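> 3D, please:
(one chain, ligands or ions: 1)
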Amino acid sequence: MKDLIKKIHEQNVKAGWWTDLQTGESLQSTATEPAKRNVPEMLCLVHSEISEAMEGYRKNLMDDKLPHRPMLEVELADAVIRICDMAGGLGLDLEGAIHEKLAFNASRADHKIENRVLENGKKF
Ligand SMILES: [Mg+2]
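Numbers count the residues shown, from 1 in each chain. Okay, here's the model as predicted:
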């Protein structure tokens, strides 16, 4: 996963997504400064991809850019690409957090079937 994050982030930096188009200034973090990308904007771009995935699933569409693949699949890939780019640019340990969260989720009470079937349990 670290390799994938590195590859995605490097490709996006090379494509100019981490450069201020008006000034040419780098928006990447430095040894002394945090990254200058707009984090809420990046988060909105992730959920825009999820919305596109939902629309593709709802209409049973194939993707327009990769027409041999379902739109659901490609838009979920777009979301993962955006998340990995954020992780790379913001220095987030996404892989470590995923492993820790999976371990946490494996033992949490509200994820157990016997609790999910209760009146106020999580139905989905
Ligand atoms: Mg997309």
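> what residues are up against the residue most central in space within the chain?
In the chain, the C-alpha nearest the mean C-alpha coordinate belongs to residue 83, at 2.6 Å (CA atoms, centre = their mean). Applying CB atoms under 8 Å, 6 or more residues apart in numbering to residue 83 gives the contacts 46, 94. Where C-beta positions appear, they are placed from N, C-alpha and C, glycine not excepted.
> Tell me which helix or strand the residue of the chain found nearest the ion sits in.
Going by CB to the ion, the ion is nearest to residue 78 of the chain, at 3.7 Å. Following DSSP states H and E, one finds residue 78 within helix 71-90.
> ok, then the element right after that helix?
Note on helix 71-90: by DSSP H and E, the next helix or strand toward the C-terminus is helix 94-107.
> and that following helix, which residues are buried?
Along helix 94-107, these residues count as buried under the neighbour rule (16 or more other CB atoms under 10 Å): residue 94.
> Quick one: list the elements packing against it.
helix 2-14, helix 71-90 (3 or more CB pairs under 8 Å, 6 or more residues apart in numbering; DSSP states H and E).
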